[in-house]
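Novice: Give me coordinates for this.
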Amino acid sequence: MDYKQLVANVVAEAVDNQVSSSDVYPKVETPKTAQNGDLAFPTFMLAKTMHQNPKEIAETIVANIDSEAFAKVQAVGPYVNFFLNQGQVSSQVLETILTEKDHYGDNHDGDNGVVTIDMSSPNIAKPMSMGHLRSTVIGNSIAKILTKNGYRPIKDNHLGDWGTQFGKLITAYLKWGNEEDVKRDPIHYLVKYYVEFHQRDEADPALDEEAREWFKKLEDGDPEAVKLWKWFRDVSLKAFNQTYQKLGVDFDTYNGESFYNDKLQDVVDTLKADGLLEKSQGASVVDLSDQDLNPALILKSDGASLYVTRDIATAIYRDQTYHPVMNLYVVGSEQTYYFKQLKAVLQKMGLQSAAGLHHVPFGLITVNGKKLSTRHGNIVLLNEVLDESVKMAHQQIKEKNPTLANQDHVAEEVGVGAVIFGDLKNARIDSIDFNIQEQLKFEGETGPYVQYAHARAESVLAKASEQDYQNGNHQLEDPEAWEIIKLLQSFPDVVKKANAEFEPSVIAKYSLRLAKAFNKYYAHTKILTADEQIKARLALVKSVSIILKESLRLLGVKAPDEM
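Specialist: Residues are numbered from 1 along each chain as shown. All right, here's what the predicted structure looks like:
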């Protein structure tokens with residue numbers, strides 16, 4: 001039951017519907033302290049309508065409420081405080097979760113609408129560094145959250161497999177490369193050549209001209225250029241997929257920039273036909289001054305395409321192929337202005353899905369305070385971080401639980417989960433400094449802390465396997481159980497909030513609160529005492545286990561039953 005809605009309904013009835021329940025609903029809040037109830041309604045919004053001061057309105061509402069759902073309703077100044085019937089609510093919440101299991105919190109708000117998610121998008125011939133972590137895990141979690149809210153996400157890994165950097169790489173390989181080295185360790189040597197190019201071109205500007213010529217050859221289909229490009233692409237994809245497999249991330253499509261090469265002329269022709277393309281200093285642009293934006297550069301003066309040309313082609317393809325209700329671009333916050341321009345151009349073109357284009361920005365990730373840059377050789381490889389995290393998790397498990405079965409498997413889930421959770425617990429717009437030691441702690445705001453709370457719940461249930469907690473009285477009224485019940489009851493709202501804000505941290509922070517409340521309950525309550533409340537307590541533990549596991553799943557993190 002939605003108890004906020006119940007409060008909104010009884011408030012509207014108590015004032016003879018001088019205000020609608022839909023207007024009251026957003027104003028219903030959760031008090032900061034339990035002594036002020038479980039839910040509260042501030043009456044200020046009714047002062048003009050009822051021609052009374054808020055304090056009097058609160059007293060009037062209390063006098064007119066008669067509902068068994070509330071143990072107590074009281075007026076405190078301008079607030080109406082609602083104390084829920086704890087036994088009744090706990091029974092309803094636990095029975096609902098035990099029935100719906102991991103589908104608790106599912107809704108149909110998305111009405112099966114398709115949402116394309118542009119995410120991860122590493123550049124070919126460069127390693128996946130920690131800089132790629134954010135787009136990958138944020139996009140993956142958003143896809144899971146969208147699904148729970150009734151949408152159909154399409155995860156598109158828009159690979160950076162085209163552009164002037166390939167001219168640079170081909171130039172570097174032909175000058176200083178070695179085929180056997182690349183075959184033995186492709187990504188390492190391709191990056192080495194790329195870094196060397198940028199070190200040398202500062203003193204030798206002619207290298208840049210040579211790189212531009214090689215990219216032009218690639219665009220024109222030169223056999224040697226195309227052969228090298230395909231080779232670089234194949235070995236890179238193989239390396240990327242090893243990392244994605246570790247993260248548990250998959251994609252619906254890998255249509256990179258090169259996929260849209262044969263669609264760029266259509267973009268230019270359409271813009272011309274619509275009268276949107278203008279000449280500016282030899283280049284072709286779309287004027288966006290009516291939206292207070294700089295012109296969007298579509299073609300350079302030499303006729304070469306740009307990122308925006310390809311992104312327009314991409315948006316048109318997705319619109320025609322998937323008919324999405326939203327297009328999400330999970331890309332760093334430094335690209336915010338660019339996406340405003342892209343959306344403005346698409347709207348001028350009349351693209352049906354343009355209104356649903358949303359840039360989902362995120363902050364910078366640093367490692368030990370340093371910004372990551374492939375060009376300058378400052379790379380922290382994501383694959384190596386994941387391996388190191390798993391290794392450290394394995395060591396902790398050996399120390400804490402040396403007899404644990406499947407230690408390798410559990411260490412994988414804990415180690416990788418720590419890296420993912422360590423990112424997603426932060427508001428995505430915030431910049432973060434990654435610290436592997438901090439993320440792997442079993443205490444504090446970490447993935448292992450939540451995983452351990454889930455494993456602890458499963459351990460209690462394993463000891464009580466003979467107890468049938470599915471049936472019986474599930475009413476609980478002790479204060480620490482009530483804190484958990486309120487958190488469990490709020491999970492469907494948390495799922496909706498995370499979806500509305502494209503914000504996985506809403507789920508991560510919720511899971512931390514639930515894990516903390518459960519650990520407190522576990523420390524102070526004898527759960528397995530054979531009395532009339534044991535079934536209710538076990539139902540609570542099972543419900544916590546279900547929701548912690550589901551919360552972690554929405555983040556892309558596994559929940560081991562033992563740790």
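Novice: Now do the host helix or strand of residue 141: which elements does it pack against?
Specialist: Element membership for residue 141 (DSSP states H and E) is helix 133-148. Packed against helix 133-148 by the contact rule (3 or more Cβ pairs under 8 Å, 6 or more residues apart in numbering; DSSP states H and E) you find strand 114-118, strand 152-156, helix 223-247, strand 326-330, strand 357-360, helix 407-424, helix 479-500, helix 534-555. Bear in mind the C-beta positions are built from the backbone N, C-alpha and C, glycine included.
Novice: Distance from the helix or strand following the fourth one to the middle of the chain?
Specialist: Going back to what we said before, that points to strand 326-330. Where DSSP H and E defines the elements, the next helix or strand beyond strand 326-330 is helix 336-348. Helix 336-348 has its C-alpha centroid displaced from the chain centroid by 23 Å (Cα atoms, centre = their mean, to the nearest Å).
Novice: Helix 336-348 versus strand 326-330: what angle between them?
Specialist: Between helix 336-348 and strand 326-330, the angle comes out at 160 degrees (axes from the mean of the first three to the mean of the last three Cα atoms, to 10 degrees).
Novice: follow-up on the earlier one: if we go by neighbour counts, what in the helix holding residue 141 is buried?
Specialist: 133-148 (16 or more other Cβ atoms under 10 Å).
Novice: Give me the below-cutoff pLDDT ranges for this structure.
Specialist: 372-378 (pLDDT under 70).
Novice: Got the domain ranges for it?
Specialist: 3-84, 163-247, 382-555 (automatic domain parsing).
Novice: and of these, who's closest to residue 365?
Specialist: domain 382-555 (5.5 Å; Cβ to Cβ).
Novice: re earlier: got the helices and strands packed on helix 133-148 as a markdown table, with mean neighbour count and distance to residue 526 columns?
Specialist: Shown next, in a markdown table, are the helices and strands packed on helix 133-148 (neighbours: other Cβ atoms under 10 Å; distance: least, Cβ to Cβ, whole Å):
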| stretch | mean neighbour count | distance to residue 526 |
| --- | --- | --- |
| strand 114-118 | 25 | 47 |
| strand 152-156 | 22 | 44 |
| helix 223-247 | 17 | 40 |
| strand 326-330 | 25 | 46 |
| strand 357-360 | 20 | 46 |
| helix 407-424 | 23 | 28 |
| helix 479-500 | 20 | 12 |
| helix 534-555 | 24 | 9 |
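Novice: Next, work out how far apart the closest residue to residue 498 other than its chain neighbours and residue 484 are.
Specialist: Of all residues not flanking residue 498 in the chain, residue 506 sits nearest, at 3.9 Å (Cβ to Cβ, 6 or more residues apart in numbering). Note on residue 506: its distance to residue 484, by Cβ to Cβ, to the nearest Å, is 19 Å.
Novice: cool, and residue 137?
Specialist: With the distance defined as Cβ to Cβ, residue 137 ends up 28 Å from residue 484.
Novice: again with residue 384
Specialist: 39 Å.
Novice: Please identify the buried residues of stretch 245-254?
Specialist: Quick answer for stretch 245-254 (16+ other Cβ under 10 Å): 246-249, 251, 254.
Novice: Quick one: distance of stretch 71-80 to the chain centre.
Specialist: For stretch 71-80, the distance to the chain centre is 38 Å (Cα atoms, centre = their mean).
Novice: sorry, back to before: nearest to residue 350, of the domains of the chain?
Specialist: Between the domains of the chain, domain 382-555 lies closest to residue 350; by Cβ to Cβ that is 25.5 Å.
Novice: ok, which stretches of the chain are strands?
Specialist: Remark: strands assigned in the chain by DSSP state E are 39-42, 70-76, 79-84, 114-118, 152-156, 277-280, 283-286, 296-299, 326-330, 357-360, 365-367, 370-371, 432-434.
Novice: Adding distance to residue 559, write the ones you listed out as JSON lines.
Specialist: Output for these, formatted as JSON lines (distance: least, Cβ to Cβ, whole Å):
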{"stretch": "strand 39-42", "distance to residue 559": "30"}
{"stretch": "strand 70-76", "distance to residue 559": "34"}
{"stretch": "strand 79-84", "distance to residue 559": "29"}
{"stretch": "strand 114-118", "distance to residue 559": "24"}
{"stretch": "strand 152-156", "distance to residue 559": "22"}
{"stretch": "strand 277-280", "distance to residue 559": "53"}
{"stretch": "strand 283-286", "distance to residue 559": "49"}
{"stretch": "strand 296-299", "distance to residue 559": "45"}
{"stretch": "strand 326-330", "distance to residue 559": "24"}
{"stretch": "strand 357-360", "distance to residue 559": "26"}
{"stretch": "strand 365-367", "distance to residue 559": "25"}
{"stretch": "strand 370-371", "distance to residue 559": "33"}
{"stretch": "strand 432-434", "distance to residue 559": "23"}
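Novice: out of those, nearest to residue 102?
Specialist: Of the strands of the chain, the one closest to residue 102 (Cβ to Cβ) turns out to be strand 152-156, at 18.0 Å.
Novice: Enumerate residues external to that closest one that contact any of its residues.
Specialist: In this structure, residues lying in contact with strand 152-156 by Cβ atoms under 8 Å, 6 or more residues apart in numbering are 110, 112-119, 139-140, 142-143, 146-147, 250-255, 318, 322, 324.
Novice: Spell out which residues sit in contact with the closest residue to residue 398 other than its chain neighbours, please.
Specialist: Distances taken as Cβ to Cβ, 6+ apart place residue 407 nearest to residue 398, at 6.9 Å, with adjacent residues excluded. Shown in contact with residue 407 (Cβ under 8 Å, 6+ apart): 394, 397-398.
Novice: Which members of the residues you listed are classed as buried?
Specialist: Buried among the contacts of residue 407 by 16+ other Cβ under 10 Å: 394, 397.
Novice: okay if I get the contacts of residue 407 as CSV plus distance to residue 412?
Specialist: Formatted as CSV, the contacts of residue 407 follow (distance: Cβ to Cβ, whole Å):
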residue, distance to residue 412
394, 9
397, 11
398, 14
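Novice: Can you tell me which of the contacts of residue 407 is nearest residue 288?
Specialist: Nearest member of these to residue 288, counting by Cβ to Cβ, is residue 394, at 53.6 Å.
Novice: Show the contacting residues for the closest one.
Specialist: By Cβ under 8 Å, 6+ apart, the residues touching residue 394 are 407-408, 411, 415.
Novice: what do you get for residue 449?
Specialist: Residues near residue 449 by Cβ under 8 Å, 6+ apart: 441-443, 512, 515.
Novice: In helices, which of those appear?
Specialist: Among the contacts of residue 449, the ones falling in helices (DSSP state H) are 512, 515.
Novice: Go through the contacts of residue 449 and say which is closest to residue 30.
Specialist: Nearest to residue 30 out of the contacts of residue 449 is residue 512 (Cβ to Cβ; 17.0 Å).
Novice: Now do that closest one against residue 379, distance only.
Specialist: Taking Cβ to Cβ, one finds residue 512 at 31 Å from residue 379.
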